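Visitor: okay, predicted coordinates and the sequence, questions at the end:
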Amino acid sequence: MKKHLLSIDDLTTDDIAMLFATAAEMHEVQRRDVKKLPALRGRTVINLFFEDSTRTRSSFEIAGKWLSADTINITGKGSSTSKGESLRDTVLTIASMGVDALVMRHSASGAAEQVSHWIDAAVINAGDGTHEHPSQALLDAYTLQRRFGSEGQLGSLDDKHVLIVGDLTHSRVFRSNVLCLTKLGARVTVVAPPTLMPSGVGPWSAEAGYATSYDLDEVLPKADAVMMLRVQKERMSGGFFPSPREYTVGYGLTRERLAVLGPDVPICHPGPMNRGLEIAADAADAAQSAVLEQVSAGVAVRMAVLYHLLAGEASA
Amino acid sequence: MSVLIKGARLYGADAVDLLLEDGVIREVGSVSASADEVVDADGLIALPGLVDLHTHLREPGREDAETILTGSRAAAAGGYTAVLAMANTSPVTDTAEAAERVLDLGRAAGLVDVQPVGAVTKGLAGAELAELGLMARSRARVRVFSDDGKCVGDARVMRRALEYVRAFGGVVSQHSQDSALAGPTACCHEGEISGRLGLPGWPGIAEEVIVARDVMLARHTGSRVHVAHVSTAGSVEVVRWAKAQGISVTAEVTPHHLLLTTDLLTGYDNGEARGAYDPVYKVNPPLRPAEDVEALRAALADGTIDAVATDHAPHARHDKEHAFVDAAFGMLGLETALSVIASVMVEPGRFDWRDLARVMSTTPARIAGLEGQGGELVEGAPANLTLVDPAAEITVDRDASLSLSRNNPWHGRRFAAAVHSTYLRGQRTHQR
């Protein structure tokens, strides 16, 4: 593996297979009464979150603690401005305390990559603006592979048709997932109204090998898995679509659409969910929903990431 | 003080001698007279001193990024003998007093003629006209007005400004950017790259709709409008159409929009991996795709675009060490402009050296109404000239810059031609 995890593009398929094999072992540990492993004893992991996050931050924190790393959370103020301290000064200050890994969340796309050029510690991108959220994509793919496997063995995503539905323009989960899923052999169709499609999606999707659609009902019956994305509140009044009601009718996973899905089709959502908007309660709570499995897989996958970046057993 | 320049190729044509004396060109041809100093200019090209329509010198207000003195040094090193200093300083150049202060600081530096640009509106706020007439009547004789950095978005304000400056032969230089289409966080060109990188971008049309509106306002008022830093093929089409209609419009393009593309944001440059999201490439207007770059080169070659202007925009290091979306807009340009234009226009045969002199000296001086600049290199003319070494083979080093700032997108790039030396009214202001 490379030194940092900034983008899914930093990983080869072998890297991902290795991470998932480790994650599966870590997943077993989660079921034990005593969950702590000594692997990262004496190592320091700082969760530097410039943007609010509950689940990602606590997931990384638990992952670090179960590996016996000293894990510290620092929450910064939102986005820096030209009047405030520069991002470089902020992270150099923190890195100078003696840090082995910096898990970073920032509201600006590219922030983690920029930081990786300034400090020596491993940088793990825990979400940079609307760019990427690689650990989320890894846990999503891992969750699906578990679903498609049997008796604890991971299955394959090869030729599985995965839908990613929602606000693609502003979604780092989409950007990491489309890279990760296609890398693992899945066929991906992304679904959104035209105003929430990323700019330049035409040439991008053609080159990267995924499909696009404005019509959820057309593609839904052909799905092997569905990922619903959160619609941010601030987009609702931003002119991207006329009203929450209209969004739900066009792009929500409603009870009616749930009936169209096969009973084994996993439903994923990175959370937090807007129940009733992009996902109906019936869908969120359905037996086929993978939402809580995603959360538990998140800890295992993040343990695997920390382990391979810090324990020095990484191979390229 | 007299200087005899021996054997310089005038505008890249035949080699002549030039005798500079008392600030003017005393003789052109085969000069036998002696001089206080003799310069062997064998292999060098003599051009009129370059004129930059668009420079940010940051003084007053941000003297940590550039001063009028350091900016003048960088300008002289780039072959310039005159620069127009944009008004978006702190305080803004929106009064006669502020304009005269810039003029005086430029004279004190004494390396290039620093001609202040006046703000169109008070405080660049876009609402009320600044004291355009008082600036025009001041010692600074302001003729170019611009809210650069901001667009005069209100069509009524723009119309009034265009009408008003006619009284004193002024011109409005517009930073064309529709603020609603661009959006408050836009930081790069909107397209496939911004979509992949997850950066908020603004599309070419945010520029083009303003260019289209302004040429129609120019037609309506009969006034002259200047389009600053044109960056898209669509804007070029509009300007070409407007000129065909006889509308009084001129346009400038920057060296960076003629060479650098938005792909640089991905961190790859000619297949070589660099860091993505490097704020050194954050500039307004943004770097555009290669198709736009080619359209701009073609438009410069066919005369649709009248001038090259640097938009030299120094920034303190810490203002570029933010996340991309938070970092300051702008890049250095004064010292490298001639090398870039020689590389993209002269080397491929789209320009001869006289064409280069036209777009970098003669026409900008005419647009700005600058006397004594951009004139033909003939006997009796002011001795403002630049000697160019067409075979210099330079590699740009940001740490060798005379600017106070280091936001230099040209660092590490190689160019064939470079400025050899610069003369302002017969005084040498720079030598490599």
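Guide: Arrived safely. The shown structure was predicted, so the numbers you read here are calculated from the model rather than taken from an experiment.

Visitor: show me which residues of the stretch 201-316 of chain A sit near chain B.
Guide: By C-beta under 8 Å from any C-beta of the partner chain, the residues of the stretch 201-316 of chain A that approach chain B are A:201-204. (C-beta placed from N, C-alpha, C; glycine too.)

Visitor: go again using 10 Å as the cut-off
Guide: With C-beta under 10 Å from any C-beta of the partner chain as the criterion, the stretch 201-316 of chain A meets chain B at residues A:201-205, A:207-208, A:238.

Visitor: any of those buried? List them.
Guide: The neighbour-count test (16 or more other C-beta atoms under 10 Å in any protein chain shown) marks A:201, A:204-205 as buried among those.

Visitor: of all those, which comes closest to chain B?
Guide: Distance to chain B, by C-beta to the nearest C-beta, is smallest for A:Trp204 among those, at 5.2 Å.

Visitor: circling back: which of the residues of the stretch 201-316 of chain A next to chain B fall within helices?
Guide: By the criterion of DSSP state H, membership of these in helices covers A:201-205, A:207-208.

Visitor: hmm, back to that, mind putting the buried ones among the residues of the stretch 201-316 of chain A next to chain B into CSV with pLDDT?
Guide: Listed next are these as CSV, based on pLDDT from 0 to 100:
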residue, pLDDT
A:Val201, 97
A:Trp204, 97
A:Ser205, 97
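
Visitor: any weak-confidence spans in the stretch 1-150 of chain A?
Guide: A:77-83 (pLDDT under 70).

Visitor: meant to ask about the stretch 51-200 of chain B, not that
Guide: Using pLDDT under 70, nothing in the stretch 51-200 of chain B is flagged.

Visitor: what does it have sitting close to chain A?
Guide: Counting by C-beta under 10 Å from any C-beta, the stretch 51-200 of chain B sits next to chain A at B:183, B:185, B:187-200.

Visitor: closest to B:Val102 among the residues you listed?
Guide: B:Cys187 (29.3 Å; C-beta to C-beta).

Visitor: now the helices for the stretch 201-316 of chain A?
Guide: Assignment of helices within the stretch 201-316 of chain A using DSSP state H, counting those that start in this stretch yields the ranges A:201-208, A:216-219, A:233-236, A:244-251, A:255-260, A:281-284, A:291-310.

Visitor: my bad, should have said chain B
Guide: So, for chain B - with DSSP H - the helices run B:68-77, B:96-109, B:132-137, B:155-164, B:179-182, B:192-197, B:204-221, B:233-244, B:290-302, B:337-341, B:353-357, B:363-368.

Visitor: pretty sure A:Leu19 sits against A:Val305.
Guide: Yes - contact criterion C-beta atoms under 10 Å: A:Leu19 and A:Val305 qualify, at 6.4 Å.

Visitor: give me the common contacts of these two.
Guide: A:1, A:5, A:11, A:135, A:138 (C-beta atoms under 10 Å, 6 or more residues apart in numbering or on different chains).

Visitor: how many neighbours does the residue nearest to B:Ser176 when sequence neighbours are not counted have?
Guide: Excluding the flanking residues, the one nearest B:Ser176 by C-beta to C-beta, 6 or more residues apart in numbering or on different chains is B:Ile210, at 3.8 Å. Other residues within reach of B:Ile210, judged by other C-beta atoms under 10 Å in any protein chain shown, total 26.

Visitor: what do you get for B:Arg166?
Guide: 13.

Visitor: same check on the one 10 residues further on?
Guide: Neighbour count for B:Ser176, taken as other C-beta under 10 Å: 27.

Visitor: distance of it relative to B:His226?
Guide: 11 Å (C-beta to C-beta, to the nearest Å).

Visitor: now the common contact residues for these two.
Guide: Contacts common to B:Ser176 and B:His226, judged by C-beta under 10 Å, 6+ apart, are B:214, B:251.

Visitor: OK, now which residue of the stretch 101-250 of chain B is nearest to chain A?
Guide: Counting by C-beta to the nearest C-beta, the stretch 101-250 of chain B gets nearest to chain A through B:Glu192 (2.8 Å).

Visitor: not counting sequence-adjacent ones, nearest residue to that residue?
Guide: Using C-beta to C-beta, 6+ apart, the closest residue to B:Glu192 is A:Gly200 (2.8 Å).

Visitor: test my guess that A:Ala70 contacts A:Ile46.
Guide: Residue A:70: Asp, not Ala. Yes - checked against C-beta under 10 Å, the pair A:Asp70 and A:Ile46 is within contact range at 9.1 Å.

Visitor: comparing the helices of the stretch 201-316 of chain A, which yields the minimum mean pLDDT?
Guide: Across the helices of the stretch 201-316 of chain A, helix A:233-236 has the smallest mean pLDDT, namely a mean of 74.

Visitor: number of residues surrounding B:Val92?
Guide: 22.

Visitor: I'd say it and B:Val102 touch.
Guide: No - using C-beta under 10 Å, B:Val92 is not in contact with B:Val102; the gap is 11.1 Å.

Visitor: identify the contacts common to these two.
Guide: In contact with both B:Val92 and B:Val102: B:60, B:86, B:118, using C-beta under 10 Å, 6+ apart.
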